[in-house]
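Engineer: Output the structure for:
(2 chains)
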Amino acid sequence: MPGRYRKISPLQAPTKPYIALGLEGSANKLGAGIIKHDKDGKTLVLSNIRHTYITPPGEGFLPRDTAQHHREWALTVIRDAIKKAEVSMHDLDCICYTKGPGMGAPLQSVALVARTLSLLYNKPLIGVNHCVGHIEMGRQITGAQNPVVLYVSGGNTQVIAYSRQCYRIFGETLDIAVGNCLDRFARVINLSNDPSPGYNIEKEAKKGNRLVPLPYATKGMDVSLSGILSAIEAYTLDKKFCADSLPNGTVSDEDIITPADLCFSLQETVFSMLVEITERAMAHIGSKEVLIVGGVGCNERLQEMMGIMAQERGGQVFATDERFCIDNGIMIAQAGLLSYRMGHETPFHESTCTQRFRTDEVHVAWRI
Amino acid sequence: MSLKPSTSRTLLENSTLVSQGAEAKVYKAYLHQASVSGTDDDGGPVPVLLKYRFQKQYRHPSLDTSLTRSRIAGEARALIKCLRSGVNVPGIRMVDAASGVLAIEWIEGKSLRHLFPGGAEDDDVSEDIAESADEEDEEEDLLTGFYVSRDLLMTKVGNEIAKMHLADVIHGDLTTSNMMLRQGSKDLVLIDFGLAYMSTLVEDKAVDLYVLERAFSSTHPDSEPLFSSVLEAYRVKMGKQWTAIGKRLDDVRLRGRKRSMVG
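Structural biologist: Below you'll find the predicted structure:
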C-alpha cells in the first residue's frame, strides 16, 4: 500500500468557473438543472426545473408512457432551466445525464436528448449514477462531512457509507423499495398521485392513531418490505375496515380501521425498520452523522424519527426538502461536474444507460 | 416501557455499564448465589452480564414493547437450544422479557477479534487494512497466554458453529468479535445471539458461514488460510449435511452483496 495521503482533497480548487447541465429522467420525474462551481469554491444552483408525470389515482406509471412524457417535455424543461439560469448552451462545460439505475425506456429517452445536445454544441458527456447524484447533492446542500446515508426512494432503499473512494452499501432492501411499498399502498386505497402518493400517505397518516400489527422484518442491516405490503393490503379486506374516512375531527368509538390508521401503521412500522438499520450501521462504523436522501427522505415523520435516534446517540441528522430530495436534474449536474473536474468524461460511444447500476460500482475519485 | 420496581431494575441500578451497542446496553452485575446446588462454585457474588434492550424513543411505544419482548425471548430461546445441544454459549441467569432484560453468564476472557492481527483496533470501517505485519509477534504472545495454537483455535470455531447448526440455530451475526476464548480454559464460546433464529434451511446456514467469511476478510487481512481451517473443521463435524451447505456456500459467495438490483 502506497503512503497514505493526508487530508488533501484530490479535487483541485477550480481555476475557472465551471457550469454543468444535469438531465435526470430515471423514473416519472423529468428534471434539468444547472450548477456552477465558482472560482472561490462556492457552489451555486442556477436553476432546478422538474416536471412530473402524474397518473390517475389507482394507477402507477408505466415505462412506455413515462418515456413518452419525458420526450414531450424534454425541450420545454431544458429551455426553462437555461432561461432561469441566464446562461447559454455555449457556456456549459459539460452535459451530465443519468446513466442508471432506473426504468429503461425513460432513461433511454433522456440519454438520447443528452447525446443530441452534446453533438449539437460539442460538449463532453458525463454519465452519472443516480444514487451517487443523490448523495453528492445531499452532502453539498447540508454540509454533512462523512455521514451514514439512508437513501430511500421509489426504486431504492440503501444504507450507505463512504470508505476508500467508494460508497459502500451496508444494508438494503431484499425485495421492494420503501417508496414502492408506500406508493403501491396509496394506489390500493385510491389516494391521489398528485403531487406524489407518498406525500398523500403522509398527510393521511397524520389523521390516524391506531397501530395495527404488521410484520417487522429487519435482517441484520437489511430490510424486507414486500410482506408488509401484502399484510397491509389484507387489512383493506378486513371486516373492520371502513373505506370512507370519517368527517374531519370526529373520533369514532366503534372498532373500525380507517385508511388513515393503515397509513399511520405502515409509516410507523416501515420507518422504524429504516431507522433501526441506519442506527446499526452508525454503531458499526462509529459515525455520528446521518444524511437522508431520496424521495421518501422528505417525509417529515421519517426525519423526525431519525432525529430522535441521532439525538439519543449524540449525533445529528441532515435532510433536505423536496427540491433536492425528490429526483432532480441538479444532483446529476453536481455529481457529474465533480467527476468532470477529476478529468472523467464518458466517450460518445459509451454514453449508454443501464437499468442496473450499483452505488458501489462508482469510483468516487473526488473524495479522500 | 418503564421498568417496574422489580428484580431486573434493582440489578440494573447496581451494575456498571460495559458497553452500548445499537440495540442494547450491556452491564456487569453481581448475583448472590442462593444455597442451591448451582453450577457455580461457592456462595460468593457471581458476576453476570446484563443485556438491557432500552426503549427506543423513535419507535411507537406499543411496537417497541412487542419487539423488545419478542427479541429477548428469541435470544433466550436460541441460547437454551444451544445449551441443550452442547454448544459452548453463556448460560442463562434470568429472563425478564417485559422489561427487556436478559442476564447471562459472565465470561472472563478475550474476544477472538483481539487475538488476531488487524482486529485489535476499535470498530473500524470494514476492510480497513491494518499494518498486519508489525503485529505478528505481539499477536503470538496474546495467543500463547491461552495455550492454544491458531490452528486448534480455528478447529474449535468450526466445531462450535457446526454444533450450533446441527441444532438448527442460526447465529445471524457471526464475527470474530462474537467469539470468546474463556480465560483459564481452552473453551471457545459463541456470544451475542441478538440476531439468532431457528432454521433448518441450507440457505440460512450457508449465509451464516458467508457472514463469518466476510467478517474474517474484512477485519483480519490475509486470513484466508484461517477461514479454510474453520471450514474444514465444520465440514468434518457436519458430516453428510456438508455437501448441500458447501454447495450453497459457493452460490452465496457469487451472490453476496454484489448482486445487481433493478431500479
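
Engineer: Need the CA coordinates for stretch A:347-356. PDB is fine.
Structural biologist: Only the C-alpha atoms of stretch A:347-356 are listed here, as PDB (Å, rounded to 0.1, in the frame of the first residue of the first chain):
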ATOM      1  CA  PRO A 347     -16.900   8.900 -24.600                       C
ATOM      2  CA  PHE A 348     -19.800   9.200 -27.000                       C
ATOM      3  CA  HIS A 349     -19.800   5.500 -28.000                       C
ATOM      4  CA  GLU A 350     -20.100   4.600 -24.300                       C
ATOM      5  CA  SER A 351     -22.900   7.000 -23.500                       C
ATOM      6  CA  THR A 352     -25.400   4.300 -22.900                       C
ATOM      7  CA  CYS A 353     -27.700   3.800 -20.000                       C
ATOM      8  CA  THR A 354     -28.400   0.800 -17.800                       C
ATOM      9  CA  GLN A 355     -31.200  -0.300 -15.500                       C
ATOM     10  CA  ARG A 356     -28.800  -2.000 -13.200                       C
END
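
Engineer: That one and chain B in contact?
Structural biologist: Yes: counting by Cβ under 8 Å from any Cβ of the partner chain, contacts between stretch A:347-356 and chain B involve A:355-356. Backbone N, C-alpha and C define where each C-beta goes, glycine included.

Engineer: Buried residues of that stretch, list them for me.
Structural biologist: A:351, A:353-355 (16 or more other Cβ atoms under 10 Å in any protein chain shown).

Engineer: How about stretch B:188-202?
Structural biologist: Those would be B:188-197, B:199, B:202, for stretch B:188-202 by 16+ other Cβ under 10 Å.

Engineer: Do me a favour and get the end-to-end distance for that stretch?
Structural biologist: End-to-end distance of stretch B:188-202 (Cα to Cα, to the nearest Å): 24 Å.

Engineer: residue contacts, B:Ser8?
Structural biologist: Contacts for B:Ser8 were tallied using Cβ atoms under 8 Å, 6 or more residues apart in numbering or on different chains; they are B:50, B:94, B:96, B:99, B:101, B:103.

Engineer: Tell me the secondary structure of the nearest residue to B:Asp173 once chain neighbours are set aside, please.
Structural biologist: Distance criterion Cβ to Cβ, 6 or more residues apart in numbering or on different chains; nearest residue to B:Asp173, sequence neighbours excluded, is B:Leu195 at 4.5 Å. The three-state assignment at B:Leu195 reads coil, by DSSP: H, G, I helix; E, B strand; the rest coil.

Engineer: What ranges does the stretch 51-200 of chain A have for its helices?
Structural biologist: In the stretch 51-200 of chain A, the helices defined using DSSP state H, counting those that start in this stretch lie at A:63-85, A:104-121, A:130-142, A:178-188, A:197-205.

Engineer: Show me the shaky parts of chain A.
Structural biologist: Under the criterion pLDDT under 70, the flagged ranges of chain A are A:1-7, A:245-253.

Engineer: which helix in it runs the most residues?
Structural biologist: The residue-count maximum for a helix in chain A (DSSP state H) belongs to helix A:259-285.

Engineer: was I right about B:Met179 contacting B:Leu190?
Structural biologist: Yes: between B:Met179 and B:Leu190 there is a contact at 5.9 Å, judged by Cβ atoms under 8 Å.

Engineer: any common contacting residues for the two?
Structural biologist: Shared contacts of B:Met179 and B:Leu190, defined by Cβ under 8 Å, 6+ apart, are found at B:Glu160.

Engineer: do the longest helix of chain A and chain B meet?
Structural biologist: Yes: Helix A:259-285 is in contact with chain B by Cβ under 8 Å from any Cβ, via A:268-269, A:272, A:275-276, A:279-280, A:282-285.
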